[in-house]
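Colleague: quick check, what structure comes out for this input:
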Amino acid sequence: MFFKSPSPSRMTPPPSPLHTTFSESLMEENIQIAESFISKWDLETTTDACCTSSLFSGNRQEAKEFLKAIKHLQSAMHYFVANNPSSDKLVRSQTLMQTAMKRLEREFYYMLKTNREYLDPESVSTHSYSSAASRASLSDMEDDSEDEFKFAAENVSDAERFSIAAMADLKLIADCMIEFGYGKECVKIYKIIRKSIVDEALYHLGVEKQSFSAIQKMDWELLEVKIKNWLHSVRTSVKTLFYGERILSDHVFSASDTIKESVFTEICKEGALTLFAFPENFAKCKKTPEKMFRTLDLYEAIAGLWPEIESVFSFESTSVVRSQAVNSLIKLGDAVRTMLADFEAAIQKDTSKSGLPGGGIHPLTRYVMNYLAFLADYSDSLSDIFADWPLAINTPLPEAYFGSLESEDNISSPISIRLAWLILVLLCKLDGKAVLYKDVSLSYVFLANNLQYVVSKARTSNLKFTLGEEWIMKHEGKVRQYAANYERVAWSKVFASLPENPTAEIPLDKVRNMFQQFNLSFEDACNKQSAWVVPDQKLRDEIKISLSKRIVPVYTAFYENYRVSARGLGNQSFVRFAPDDLGNYLSDLFYGTGGSGSVSSHSSQGGQAR
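Modeller: Purely as a prediction, here's the structure:
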């Protein structure tokens, strides 16, 4: 059985009555053949088996014949419209066309519903369907040599095969219905079914409308849970859900740019706007330091997905989605700038007046540096946020104290300058706290400890990349300077009690006086500093080694030359410390243990025993 059409060569001359009759008979025969196929699948007159089965199941031969019937029926309709518009055959053809379109409409609905598993956005966005599915067209179905849609060239799984076949069949039906003027019916079904799938997926992802007032009233713990969920949802939504829907709608309705745009927009725009409105509403809420990092998480999520957002929502009708995403980025950036300004103000307004016992690390130092170390993990996003927001120094502290950050530290990026500035503000506050100590040497221990914490935090976090090696080395030098100042002030009496040349001839009375002075000054220094603390082991060891090098060798030489001569009346010795004792006492310093490091707690008779 085949369809007939008048020969093109016979249609060229002006039609004769005989030719017209012959052409009309050919068209009438085509109508009859088409009717035999279309009536077989008429939903109103066929058996239940035909109503429940699909044209596109099995070997798909029926689908091929059905689509060819529609195409040739359309040719017949065009012929009668042009040559005999009052013919009852035209009415008959139109009725058959409506019957065929109803069947295709039903097939389209059935295919969308029954293949939902294979048409989910994840499958569509990841399966390698494109090359095979793109070959499916009405002309493929007309090729009698193909008894089914084949994927021999595709190395795909069964699931991918089903997905490819379903997409190809949907495209065939959509192409046919659009070509013959029944696109609205096809589009309506598609929008209803696919939108329900998208809405359901967003619901399961936890995407819901949250007004600004509702977000503002949430406890932080609940809001943080919402943010974590959103961070997961936005990636899945953009990379899988919306991306998959865009691919599917572009493929199924490739015959019409207008239709594929309107379909995708109606299916996805509402959900996408709901998704991207959340960060903007959150950014408008009250700003507190604890919200900084979640704000940056939201910013990074949108910025990182921007290429996909721009691509998936590239239609003019979805520009509102792109605008919403951009607005959220802007508001989040504004919130970050506000919070960082508030953070700086909080450092400058710190008014604690008590020095930390033992000269240890101040809580403000720990808080600020931990905060900045976490901020450094977001350096790329912060660079974007502060790119057009230069640092404006607004501080009650003397401007001359700070100098030029850019020239001193060789720092050029906006965020590097800003973080270096915040550390500088912290160090200025620490200078103010150092003067609260009555003992100047303890002030230097305090400054060395806190600057060492700053440097260590910078070196062991991403701050090392933000601030740079030059900045770190410069501040390490300042730590050594503070330590040297501490040694000079705290141990000056001990250094002064030792002879410049311990092997030179020294009068006996002066020797005894020097041993007495050393005993008193060393004991006093150890007792005073037994409660002092240097938490950083490296700094602690460096200070002890430096002290030991300056004291022990000189004292040992002096001790070896004059310990016997230092005996007084009744064989009383003026020597209280053996050289080994000095190292023991020094090693006990800077643990903040109080009496355990004092000289009085030791039974130091080493000098007499020897």
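Colleague: the residue nearest to residue 378 when sequence neighbours are not counted: which element?
Modeller: Excluding the flanking residues, the one nearest residue 378 by CB to CB, 6 or more residues apart in numbering is residue 296, at 4.5 Å. C-beta coordinates here come from the backbone N, C-alpha and C atoms, glycine included. Assigned by DSSP states H and E, residue 296 belongs to helix 292-312.
Colleague: same thing with residue 209?
Modeller: Counting by DSSP H and E, residue 209 is found in no helix or strand.
Colleague: got a list of what it touches?
Modeller: Residues near residue 209 by CB atoms under 8 Å, 6 or more residues apart in numbering: 274, 277.
Colleague: repeat that for residue 344.
Modeller: 421, 422, 425 are the contacts of residue 344 under CB under 8 Å, 6+ apart.
Colleague: got it, and residue 230?
Modeller: 206, 207, 275, 278, 279, 298, 301.
Colleague: can I get the residues you listed in JSON lines with secondary structure, neighbour count and distance to residue 495?
Modeller: Shown next, in JSON lines, are these (DSSP: H, G, I helix; E, B strand; the rest coil; neighbours: other CB atoms under 10 Å; distance: CB to CB, whole Å):
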{"residue": "206", "secondary structure": "coil", "neighbour count": "13", "distance to residue 495": "69"}
{"residue": "207", "secondary structure": "coil", "neighbour count": "23", "distance to residue 495": "71"}
{"residue": "275", "secondary structure": "helix", "neighbour count": "26", "distance to residue 495": "70"}
{"residue": "278", "secondary structure": "helix", "neighbour count": "22", "distance to residue 495": "66"}
{"residue": "279", "secondary structure": "helix", "neighbour count": "27", "distance to residue 495": "62"}
{"residue": "298", "secondary structure": "helix", "neighbour count": "25", "distance to residue 495": "58"}
{"residue": "301", "secondary structure": "helix", "neighbour count": "22", "distance to residue 495": "60"}
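Colleague: could you single out the nearest of the residues you listed to residue 81?
Modeller: Residue 81 lies nearest to residue 275 out of the contacts of residue 230, by CB to CB, at 49.3 Å.
Colleague: report pLDDT for that closest one.
Modeller: Listed pLDDT for residue 275 reads 97.
Colleague: ok, it touching residue 236?
Modeller: No: counting by CB atoms under 8 Å, residue 275 stays clear of residue 236, with 10.3 Å between them.
Colleague: now do the helix holding residue 296, average pLDDT.
Modeller: Helix 292-312 shows a mean pLDDT of 97 in the predicted model.
Colleague: so for that helix, what gets flagged as buried?
Modeller: 292-303, 305, 309, 312 (16 or more other CB atoms under 10 Å).
Colleague: show me where the stretch 51-200 of the chain has helices.
Modeller: According to DSSP state H, counting those that start in this stretch, the stretch 51-200 of the chain carries its helices in the segments 61-83, 88-114, 121-126, 130-133, 138-142, 158-179, 183-204.
Colleague: not counting residues beside it along the chain, what's closest to residue 106?
Modeller: Using CB to CB, 6+ apart, the nearest residue to residue 106 is residue 43, at 6.1 Å.
Colleague: quick check on residue 500: phi, psi?
Modeller: The phi/psi pair for residue 500 (degrees, to the nearest 10) reads phi -70, psi -40.
Colleague: that one and residue 557, how far apart?
Modeller: 11 Å (CB to CB, to the nearest Å).
Colleague: of the two, give the one with the bigger neighbour count.
Modeller: Shown here are residue 500 and residue 557; by other CB atoms under 10 Å, residue 557 has more neighbours (16 against 6).
Colleague: in the helix or strand encompassing that one, which residues are buried?
Modeller: Using DSSP H and E, residue 557 sits in helix 537-562. Buried residues in helix 537-562, counted by 16+ other CB under 10 Å: 539-540, 542-544, 546-547, 551-552, 554-555, 557-559, 561-562.
Colleague: what residues sit buried inside stretch 201-213?
Modeller: Neighbour counts over stretch 201-213 (16+ other CB under 10 Å) mark 201, 202, 205, 207, 210 as buried.
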